[in-house]
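Asker: here is my input, please return the structure:
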Amino acid sequence: MKEQKMPKKEIKKFKEMILKKKADILEQIDHISKDTLKKSQKDASGDISGYSYHMADLATDTFDREFSLGLASNERQTLYEIEDALKRIDEGVFGLCESCKKPISKIRLKAIPFTKLCLKCQELKEKI
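Answerer: Next comes the predicted model:
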């Protein structure tokens, strides 16, 4: 295991933040899946009649379901990033930019505790 670049006490604090964020995301994904995936469109719309949908209602319901699934997909991507951050903690490289290998500012880590890149490298990546 490599030497930690920041004090263990700080790493522990960031790990707690990351684990809390992970729990929150898992709860959100569970909520989205219960509300979106486990209900039929008829149940989700609250329609208890035997009549068919109006096309506009069907389109709105479909859009809402697609939107919810998109949110869940984004949350899953964040989960992958969180797992990667936990791995970096275990490997002793948490808090170091993957690109330039310099320390990531603590302000940035507090805002996005699972970030891999310092602000400068992130900006360069986004320009590409």
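
Asker: low-confidence stretches in the chain?
Answerer: Across the chain, residues meeting the criterion (pLDDT under 70) sit at 1-5, 36-59, 62, 68-69.

Asker: centre-most residue in it?
Answerer: Closest to where the C-alpha atoms of the chain average out (CA atoms, centre = their mean) is T78, at 2.5 Å.

Asker: would you quantify the distance from that residue to I18?
Answerer: In this structure, T78 and I18 are 11 Å apart, going by CB to CB, to the nearest Å. Quick note: C-beta positions are derived from backbone N, CA and C, even for glycine.

Asker: so what sits against both of those two?
Answerer: With contacts taken as CB atoms under 8 Å, 6 or more residues apart in numbering, T78 and I18 have F114 as neighbours in common.

Asker: re the thing from before, and the residue nearest to the centre of the chain, what does it touch?
Answerer: 21, 25, 114.

Asker: helix or strand: which one has it?
Answerer: helix 55-91 (DSSP states H and E).
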